[in-house]
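A.B. asks: I'll drop the sequence and a predicted model, then ask my questions.
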Amino acid sequence: MKRWIMVLPLAVFLLVAVFLYRGLFLDPSELPSAMIGKPFPAFALASVDGKPLTEADLLGKPALVNVWATWCPSCKIEHPYLNKLAEQGVVIHGVNYKDDNAAALKWLAEFHNPYQLDIRDEQGSLGLDLGVYGAPETFLIDAKGIIRYKHVGVVDATVWREQLAPQYQSLVDEAKP
């Protein structure tokens, strides 16, 4: 009996060590999303410029839905690339997350607006429904408004080329009559 008591702490330590060792090789940017394969959450919010919007306004074309805020330093880094994508014809909608609307309007005037629609989510309710951890986060939705992919972090040329562009193009091809 005493031998078992002496071995038990070692066994527990080894079990914990295995889990911690495994965690060293996980990618923190790959946060799981329960929303993949589900419709974009229902909402009725205003746009940054005051127009009423609902989830129905997102339907019709595949799009990136970018969660951003003026208080987010990473959003400032990715914003020029989002402008470039918009100039190339990529459909991008924004969700201005837990932000001051006057600051958002100033930001878009100063840094240009890549968003075809820009949803004002001052209370964070839409972000909560989407399972947003913070900004920036980007969702890829199909023409029917189904969430197909989620990227956490900055969208740059590498992320676009390796992760988002192939999926976006596939959804564009799928949406063609």
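C.D. replies: Right, received. Where do you want to start?
A.B. asks: Could you pull out the helices in the chain for me?
C.D. replies: 2-23, 73-87, 101-111, 125-130, 157-159, 165-175 (DSSP state H).
A.B. asks: now the ones you listed in TSV, with distance to Ile36, mean neighbour count and mean pLDDT?
C.D. replies: For the C-beta atoms, the positions are set from N, CA and C on the backbone; glycine is no exception. Below are those laid out as TSV (distance: least, C-beta to C-beta, whole Å; neighbours: other C-beta atoms under 10 Å; pLDDT from 0 to 100):
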stretch	distance to Ile36	mean neighbour count	mean pLDDT
helix 2-23	23	9	66
helix 73-87	21	17	98
helix 101-111	28	15	97
helix 125-130	11	18	96
helix 157-159	17	12	97
helix 165-175	12	14	95
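A.B. asks: Go through the ones you listed and name the closest to Asp142.
C.D. replies: Shortest distance between Asp142 and the helices of the chain, using C-beta to C-beta, is found for helix 165-175: 4.9 Å.
A.B. asks: what's next to the closest one, contact-wise?
C.D. replies: The list of residues contacting helix 165-175 from outside it, by C-beta atoms under 8 Å, 6 or more residues apart in numbering, reads 61-62, 64, 90, 140, 142-143, 148-149.
A.B. asks: And these, which of them are buried?
C.D. replies: 62, 64, 90, 140, 142-143, 148-149 (16 or more other C-beta atoms under 10 Å).
A.B. asks: Narrow those to those in strands?
C.D. replies: 64, 140, 148-149 (DSSP state E).
A.B. asks: And those, which two are furthest apart?
C.D. replies: Top of the distance list for those (C-beta to C-beta): Leu64 and Arg148, 10.7 Å.
A.B. asks: Skipping its backbone neighbours, what lies nearest Gln123 in space?
C.D. replies: With sequence-adjacent residues excluded and distances taken as C-beta to C-beta, 6 or more residues apart in numbering, Gln123 is closest to Lys98, at 7.5 Å.
A.B. asks: Run a quick neighbour tally on that neighbour.
C.D. replies: The local packing of Lys98 (other C-beta atoms under 10 Å) involves 18 other residues.
A.B. asks: What separation is there between the spatially closest residue to Ala34 that is not a sequence neighbour and Glu78?
C.D. replies: For Ala34, ignoring the flanking residues on the chain, the nearest one in space by C-beta to C-beta, 6+ apart is Gly131 at 6.1 Å. Distance check for Gly131 against Glu78: by C-beta to C-beta, to the nearest Å, it reads 20 Å.
A.B. asks: Tell me which residues touch Arg120, please.
C.D. replies: Applying C-beta under 8 Å, 6+ apart, the residues contacting Arg120 are 45-48, 96, 101, 104.
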